[in-house]
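Peer 1: Model the structure of this input:
(chains A and B)
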Number of protein chains: 2
Amino acid sequence: MIRIVEVGPRDGLQNEPTPIPPEEKLAFIQRLRDAGLVEIEATSLVSPKWVPQLGDAETLWPQLPAGGLYSALVPNAKGLERAVSLGVKRIALFTAASDAFTQKNINMTVAQSLEVFAEVAAAFRAQVPDGWLRGYVSTAFECPFAGRVDPEATVSVASELLKIGCDEISIGDTIGVAAPVEVKRLTPLLASAVPLDKLNYHFHDTRGTAIANVAQALEQGVRSFDSSAGGLGGCPYAPGAGGNLATEDLVYFLERSGFATGLEPLRLAQASLPILEQLGRPPASKAQRAALAALPQTQ
Amino acid sequence: MIRIVEVGPRDGLQNEPTPIPPEEKLAFIQRLRDAGLVEIEATSLVSPKWVPQLGDAETLWPQLPAGGLYSALVPNAKGLERAVSLGVKRIALFTAASDAFTQKNINMTVAQSLEVFAEVAAAFRAQVPDGWLRGYVSTAFECPFAGRVDPEATVSVASELLKIGCDEISIGDTIGVAAPVEVKRLTPLLASAVPLDKLNYHFHDTRGTAIANVAQALEQGVRSFDSSAGGLGGCPYAPGAGGNLATEDLVYFLERSGFATGLEPLRLAQASLPILEQLGRPPASKAQRAALAALPQTQ
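Peer 2: Here you go, the predicted model:
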């Protein structure tokens, strides 16, 4: 069984300047649930000053559709406080394998971020004993500011996140540059530090390599992948370029490869359409466009 | 060394209803040459009644930029006559692994097409002793009318094309449905009938799996791939959906994987833009969009 973690509502929307009201987000999440998705990163508890698009967590969270396993990004102690007040049971901590990236993105070195997160993780465990904790290692292959990343740097950060108590480590090709040969090199190194069943890959499809990377990771035994419905989430460092791996492309590939996902491709293809329309973006997913093109009413 | 056969001017344009004048096609082919592409399928000698877009072969061919290895699709004896008059040295014959497809597409069964092509191939060899002959096996994985195709059917047609004297067999995922697991199954069967160095894959990226399929074919030892600049060539059976694997995506993937292509990615990314503009289509290639997004003047 392959785990798919849907990150559209958080990672897909966070950089979009067009404000999406909370009721639209809730309807989007409901459609994702209706398509069969269970694990959904729903929002971020970062300061609304930094990410206004996700400033509505307090409105959104209590209204999330029943039955989903929702998570929220938590950047610091203040974010954890908000998470605990909201009853959030699943949180994600976001750091990177490159100091240049964390400095620009979260205004700390990687080491500083790990110190902060060790405290956040401990506080979360104390207050939410049945909680679930994800650690992100972004720029795992390459940093937009510092270039190629040494696999050992990525493994080291993943290992540290495991030590502070993460239940899962998500390895991100944040700018969507990696080729399968890099996944083949990195994965066994990661697996020597992190049990395979705690490893997740978060690929971006900015240059069309994401599915090939998933295929390689599957061969290496990884069974958990992030994706974003409709490919929501352009890359801020390459305007006009694609961002997150689209959930539709991932699901098509998995199903055709013989891995059941339990998802409904047509409902999935339609789930992001109202949001894409509000953002003025065409569907970025090829499998989604193919599924929609097969519908008489959308031709 | 990986061979890339650029099929944009033929396969990419043939289904486009907006007429592109020959001088625009020549400028396009010049830009492809400037980006470093050598092997280019430039046109088809099918009747202009059937494919009006490519009805200008007699105007186009004598003006093709120097230094390229150009080929033309030849559907029958009449097409061969035109090819020989034009001095065409490289021709391609187009059949499929599915009778339902050839019936709709070329109005013959597969067996009938092989009979016709045996005569065309013999006549070509007699008249153009130093000529080069490609055979296409389309719908190699699945037919839009008859469903999944038995790998043995594909191997059988490939084998027959080899017997009638083809120098190369191009295996097409015409509707862009295949996953790497299918490439992994088919390729060794093909390789038992056709020497690996005579095998080429022609993937379509309709559902985002093309690069993953290339990756798998590379692992199986295949070293020749078709692609289309800018992803030109929508699939007529899935309006709105993507078609041919984009040359930009292929080149990005190969270079990042350590295979030198000798091509210039930026020139390549720009090569199809004037045609795409005339057709009113956005660039379909993710690597192309990423390359263009990095250019200040195109943001």
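Peer 1: Confirm for me that residue A:158 is in contact with residue A:191.
Peer 2: No: at 10.1 Å, residue A:158 does not count as touching residue A:191 under the criterion of C-beta atoms under 8 Å. All C-beta spots, glycine's among them, are computed from the backbone N, C-alpha and C.
Peer 1: and the residue nearest to residue A:212 when sequence neighbours are not counted, what element?
Peer 2: Distances taken as C-beta to C-beta, 6 or more residues apart in numbering or on different chains put residue B:212 closest to residue A:212, at 4.1 Å, once the chain neighbours are dropped. Assigned by DSSP states H and E, residue B:212 falls within helix B:210-219.
Peer 1: swap in residue A:275?
Peer 2: Assessed by DSSP H and E, residue A:275 sits inside helix A:273-279.
Peer 1: got the contact list for that helix?
Peer 2: If you take C-beta atoms under 8 Å, 6 or more residues apart in numbering or on different chains as the criterion, helix A:273-279 is touched by A:13, A:16, A:18, A:20, A:24, A:27, A:28, A:230, A:232, A:282, A:283, A:292.
Peer 1: Let's see that with 7 Å instead.
Peer 2: A:16, A:18, A:20, A:24, A:28, A:230, A:232, A:283 (C-beta atoms under 7 Å, 6 or more residues apart in numbering or on different chains).
Peer 1: Around chain B, which positions in the stretch 51-200 of chain A sit nearby?
Peer 2: For the stretch 51-200 of chain A, the residues in contact with chain B (C-beta under 7 Å from any C-beta of the partner chain) are A:177, A:179, A:180, A:181.
Peer 1: Now the stretch 51-200 of chain A against chain B: closest residue?
Peer 2: residue A:179 (3.9 Å; C-beta to the nearest C-beta).
Peer 1: circling back to that earlier point, CA atoms only: put the helix holding residue A:275 into CSV for me.
Peer 2: The C-alpha trace of helix A:273-279 is given here as CSV (Å, rounded to 0.1, in the frame of the first residue of the first chain):
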residue,chain,number,x,y,z
LEU,A,273,-10.9,23.0,-10.4
PRO,A,274,-12.8,25.7,-8.5
ILE,A,275,-9.5,26.8,-6.8
LEU,A,276,-7.6,26.8,-10.0
GLU,A,277,-10.3,28.9,-11.6
GLN,A,278,-10.1,31.4,-8.7
LEU,A,279,-6.3,31.5,-9.1
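Peer 1: Kindly check the end-to-end length of stretch A:197-208 for me.
Peer 2: Stretch A:197-208 stretches 26 Å from its first residue to its last (C-alpha to C-alpha, to the nearest Å).
Peer 1: quick revisit: among the residues of the stretch 51-200 of chain A next to chain B, which ones are in helices?
Peer 2: A:180, A:181 (DSSP state H).
Peer 1: in the sheet, who's paired with the closest residue to residue A:113 other than its chain neighbours?
Peer 2: Once flanking residues are discounted, residue A:113 sits nearest to residue A:95: 4.2 Å by C-beta to C-beta, 6+ apart. Assessed by DSSP bridges, residue A:95 has beta-bridge partners residue A:137.
Peer 1: Please name the residues that touch residue A:95.
Peer 2: Contacts for residue A:95 (C-beta under 7 Å, 6+ apart) come out as A:102, A:110, A:113, A:114, A:117, A:136, A:137, A:157.
Peer 1: now do residue A:264
Peer 2: A:35, A:36.
Peer 1: biggest helix in chain A by residues?
Peer 2: Taking DSSP H as the criterion, chain A has its longest helix at helix A:110-127.
Peer 1: helices and strands around that one, which ones?
Peer 2: helix A:77-86, strand A:90-96, helix A:99-106 (3 or more C-beta pairs under 7 Å, 6 or more residues apart in numbering or on different chains; DSSP states H and E).
Peer 1: Comparing the ones you listed, which comes out most buried?
Peer 2: Of all these, strand A:90-96 carries the top mean neighbour count, a mean of 24, counting by mean count of other C-beta atoms under 10 Å in any protein chain shown.
Peer 1: So for that one, mean pLDDT?
Peer 2: For strand A:90-96, the mean pLDDT works out to 97.
Peer 1: Hey, what's the angle from it to helix A:110-127? Just curious.
Peer 2: Following axes from the mean of the first three to the mean of the last three C-alpha atoms, to 10 degrees, one obtains 170 degrees for the angle between strand A:90-96 and helix A:110-127.
Peer 1: from the chain's centre, how far out does strand A:90-96 sit?
Peer 2: 10 Å (C-alpha atoms, centre = their mean, to the nearest Å).
Peer 1: Just the helices from the stretch 151-299 of chain A, written as ranges.
Peer 2: A:151-163, A:180-191, A:210-219, A:247-256, A:265-271, A:273-279, A:286-293 (DSSP state H, counting those that start in this stretch).
Peer 1: Generate TSV for these, with mean pLDDT as supplementary columns.
Peer 2: Output for those, formatted as TSV (pLDDT from 0 to 100):
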stretch	mean pLDDT
helix A:151-163	98
helix A:180-191	98
helix A:210-219	98
helix A:247-256	98
helix A:265-271	97
helix A:273-279	95
helix A:286-293	92
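Peer 1: Rebuild these as a markdown table, extending it with mean neighbour count.
Peer 2: Converted to a markdown table, the helices of the stretch 151-299 of chain A look like this (neighbours: other C-beta atoms under 10 Å in any protein chain shown):
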| stretch | mean neighbour count |
| --- | --- |
| helix A:151-163 | 20 |
| helix A:180-191 | 20 |
| helix A:210-219 | 26 |
| helix A:247-256 | 26 |
| helix A:265-271 | 22 |
| helix A:273-279 | 17 |
| helix A:286-293 | 26 |
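Peer 1: residue contacts, residue A:71?
Peer 2: A:41, A:42, A:90, A:91, A:92, A:134.
Peer 1: Same question for residue A:190.
Peer 2: A:155, A:158, A:171, A:199.
Peer 1: Also residue A:100?
Peer 2: By C-beta under 7 Å, 6+ apart, the neighbours of residue A:100 are A:143, A:145, A:146.
Peer 1: Beta-bridge partners for residue A:91, please?
Peer 2: Residue A:91 forms beta bridges with residue A:72, residue A:133, as assigned by DSSP bridges.
Peer 1: Do I have it right that it meets residue A:74?
Peer 2: Yes: Residue A:91 is within contact range of residue A:74, at 4.4 Å (criterion: C-beta atoms under 7 Å).
Peer 1: residues shared between the contacts of those two?
Peer 2: residue A:83.
Peer 1: hey, what's residue A:43 bridged with?
Peer 2: Going by DSSP bridges, residue A:43 forms beta bridges with residue A:72.
Peer 1: What's the local residue count around it?
Peer 2: Neighbour count of residue A:43, defined by other C-beta atoms under 10 Å in any protein chain shown: 31.
Peer 1: hang on, the earlier thing: could you export the residues of the stretch 51-200 of chain A next to chain B as TSV, including distance to residue B:252?
Peer 2: Shown next, in TSV, are these (distance: C-beta to C-beta, whole Å):
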residue	distance to residue B:252
A:177	9
A:179	8
A:180	13
A:181	13
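Peer 1: Give me the below-cutoff pLDDT ranges for the stretch 1-150 of chain A.
Peer 2: Across the stretch 1-150 of chain A, not a single residue meets the criterion (pLDDT under 70).
Peer 1: if we go to 90?
Peer 2: Flagging of the stretch 1-150 of chain A using pLDDT under 90 yields the residue ranges A:1, A:15, A:17, A:105-106.
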